[in-house]
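K.L.:
got a predicted structure plus its sequence, pasted below:
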Amino acid sequence: MTPGQLQALRQRLPRFGAGPDTRDGFAEYCHFYGIDFAAHDPALEHVAGLIDSGSFTLLVHRWVQPGAHSNMVLVHGYLDHTGLFGKLVEWGLANACNVLAFDLPGHGLSSGEPGAINDFGDYSRAIADVLAVVTLPQRPLWVMAQSTGAAAVIDYAVRYEWPFKAAVLLAPLVRPAGWRSIKAAHSVLHRFIGSVRRNFVKNSSDTEFLEFVRSDPLQSDRISLRWIRALRRWLAALSHDNLGVGPALVIQGNADATVDWRYNIAVVEKLFPNSRIIYLPGAGHQLANESDKLRGEYLNQTANWLADRGVTL
């Protein structure tokens, strides 16, 4: 698909639950990103549409299937979107989960300047608003979040009542790698420019995924300095005290050069005491799209963790 086709689709998207009849191009979008699971399973219901969250409109996807044992909420990372998380959606569906996913503000087919945000609270509010609007079957609710999505989940735990029976955090963002240099550069550059060029780095051993991302029409080739400012403010305000929501399962690759993972894991262990930390040798930052082998390793352990927390797959 082209950026023009996706922009036209964004303008035609209905409100969530209003029905699919006006969504010309939606089937092509789902096929392009490999999330057209309902096209191959008549029993699977896929509903997608827009909801309001503050000044943003968010694209929300809900997959519901007969016999599901739990409800899985997916929260993607910075510069990602639901279309790039098809492997985790597929895993959830194959393991008797209903799946709820959405594009964060400024990402994918949601509104907002690409990759920009004024306040990280807008990310946690997005989670809260999606959960408030979208009806799911009465099943145990759990969350899996990647990187900035994990930061959104942390902020959600600070601001809202915790609804999740279990939480799985993939390469959680607290601060990025090279944070001191980033802060110093931001302090100078934000006076003159609004963004800097993005470098597409090797953050996964899945070469096909890396090639796809470079040509993904929903990608931004800029890093917003407003996003850096919002991250600085969030980090300055973030207490490292126990969030009071129980432990998390934390998956971290030891080849991750995107986040300062040694620092981050120490903070996450304070926020979620008694968490289980799993280090994946050779895994990069993009855990949602790592190789089949590495992804299989942590998803098998995820299933065991969920069972220990009373979530049956």
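P.N.:
Looks like it came in fine.

K.L.:
what does stretch 51-63 rub up against?
P.N.:
Stretch 51-63 is contacted by residues 10, 13, 15-16, 35, 37-38, 44-50, 82, 89, 92-93, 98-106, 108-112, 122, 125-126, 129-130, 133-134, 136 when judged by CB atoms under 8 Å, 6 or more residues apart in numbering. (Glycine included, C-beta is placed from N, CA and C.)

K.L.:
mind doing that once more with 6 Å?
P.N.:
16, 46-48, 50, 82, 99-103, 105, 109-112, 125-126, 129-130, 133-134 (CB atoms under 6 Å, 6 or more residues apart in numbering).

K.L.:
output the below-cut-off pLDDT ranges for the stretch 51-200 of the chain.
P.N.:
In the predicted model, the stretch 51-200 of the chain carries no residue with pLDDT under 70.

K.L.:
which residues in it form helices?
P.N.:
Counting by DSSP state H, counting those that start in this stretch, the stretch 51-200 of the chain has these helices, from start to end: 86-94, 121-133, 148-159, 179-189.

K.L.:
could you say which of these is packed most deeply?
P.N.:
helix 148-159 (a mean of 24; mean count of other CB atoms under 10 Å).

K.L.:
just to revisit the earlier point, of all the helices of the stretch 51-200 of the chain, which one comes closest to residue 240?
P.N.:
helix 148-159 (10.7 Å; CB to CB).

K.L.:
tell me which of the contacts of stretch 51-63 fall in strands.
P.N.:
Among those, DSSP state E puts 46-48, 50, 99-102 in strands.

K.L.:
state the pair within the residues you listed that is farthest apart.
P.N.:
50 and 99 (18.2 Å).

K.L.:
between the two, which is the more surrounded one?
P.N.:
residue 99 (29 against 20; other CB atoms under 10 Å).

K.L.:
and the helices of the stretch 51-200 of the chain as a markdown table, adding distance to residue 311?
P.N.:
Formatted as a markdown table, the helices of the stretch 51-200 of the chain follow (distance: least, CB to CB, whole Å):
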| stretch | distance to residue 311 |
| --- | --- |
| helix 86-94 | 12 |
| helix 121-133 | 17 |
| helix 148-159 | 16 |
| helix 179-189 | 34 |
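
K.L.:
bridged to the closest residue to residue 38 other than its chain neighbours, which residues?
P.N.:
Using CB to CB, 6 or more residues apart in numbering and skipping the chain neighbours, the partner closest in space to residue 38 is residue 46 (3.8 Å). Beta-bridge partners recorded for residue 46 (DSSP bridges): residue 63.

K.L.:
so residue 46 makes contact with residue 36?
P.N.:
No. Counting by CB atoms under 6 Å, residue 36 is not a contact partner of residue 46; they are 8.3 Å apart.
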